[in-house]
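K.L.:
A structural model of the following input is requested.
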Amino acid sequence: MHLLETKDLGIVFGGLQALNDLHLAVDAKEIVGLIGPNGAGKTTVFNLLTGVYAPSGGAIRLEGQSILGKKPFQINRTGVARTFQNIRLFKHMTVADNIKLAMNQNMKYNVVSGMLRLPSYWKEERAIDRKARELLAIFDMEDLADQMSANLPYGQQRKLEILRALASKPKLLLLDEPAAGMNPTETHDLMEVIRSI
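P.N.:
Prediction:
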């Protein structure tokens, strides 16, 4: 069974067939590239896979289970994370807080312990902070943890978005033009990180 599989996937926008009969199979630990010129529909495919768009036909399965009709947050909970072509960070939050926010579905304390600041809350908060700093270490960004994300250079913002996607512990990570705006050295480093994940 494939990690991700699509069959006969298509979408129509106002009578225009933007995507037709897409068959795709991705296995666990496989690195796959979706290549095409601007306007070819690469981002549209990602939007279909993550529930941003509803297909006009076809099937999408993650580990054999249909994810059609699910909302983006529900698909994320099944183990699919993505980055965007245009960076979508919380600019007025710190670098670490951007990452921690993506970990919210994995938190083990309940609302009451959070409101009352019980020991279980603080234990979980320390674990989340530690995990955020471990993720920042992937791109040698630990010293930027307390910086506002809006103050980061473009390449660092792009890396932060990737780290935020990784924070949700995805089974499938979709990177939409991950090296856009990066210089050749940053691009090479990014490819090494992707291979190591």
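K.L.:
who touches residue 19 in this structure?
P.N.:
For residue 19, the contacting residues are 9-11, 41, 44-45, 48, 55, by CB atoms under 8 Å, 6 or more residues apart in numbering. Just so you know, the C-beta spots here come from the backbone N, C-alpha and C atoms, and that holds for glycine as well.
K.L.:
Output those residues in CSV, with neighbour count appended to each entry.
P.N.:
Shown next, in CSV, are these (neighbours: other CB atoms under 10 Å):
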residue, neighbour count
9, 22
10, 16
11, 21
41, 17
44, 18
45, 22
48, 24
55, 21
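K.L.:
Just list the residues touching residue 171, thanks.
P.N.:
Contacts for residue 171 (CB under 8 Å, 6+ apart) come out as 3, 28, 62-63, 78-80.
K.L.:
Tell me the one among the contacts of residue 19 nearest to residue 33.
P.N.:
Here the nearest of the contacts of residue 19 to residue 33, counting by CB to CB, is residue 45; it sits at 12.0 Å.
K.L.:
for the top helix by length along the chain, which positions count as buried?
P.N.:
When every helix of the chain is counted residue by residue (DSSP state H), the longest turns out to be helix 119-138. Neighbour counts over helix 119-138 (16 or more other CB atoms under 10 Å) mark 121, 124, 128-129, 131-132, 135-136 as buried.
K.L.:
contacts for that helix?
P.N.:
With CB under 8 Å, 6+ apart, helix 119-138 has contacts from 95-96, 99-100, 103, 107-109, 113-114, 142, 144-145, 163, 166-167, 193.
K.L.:
Which of those are buried, as a ChimeraX select command?
P.N.:
To isolate the buried members of the contacts of helix 119-138 in ChimeraX, using 16+ other CB under 10 Å:
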select :95,96,99,100,103,109,113,144,163,166,167
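K.L.:
Now intersect the contacts of helix 119-138 with the helices, please.
P.N.:
Residues of those located in helices (DSSP H): 95-96, 99-100, 113-114, 163, 166-167, 193.
K.L.:
Adding distance to residue 70 and pLDDT, write those out as a markdown table.
P.N.:
A markdown table is the format used below for the ones in helices among the contacts of helix 119-138 (distance: CB to CB, whole Å; pLDDT from 0 to 100):
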| residue | distance to residue 70 | pLDDT |
| --- | --- | --- |
| 95 | 30 | 97 |
| 96 | 29 | 96 |
| 99 | 24 | 96 |
| 100 | 24 | 93 |
| 113 | 29 | 76 |
| 114 | 27 | 72 |
| 163 | 24 | 95 |
| 166 | 21 | 94 |
| 167 | 20 | 94 |
| 193 | 29 | 84 |
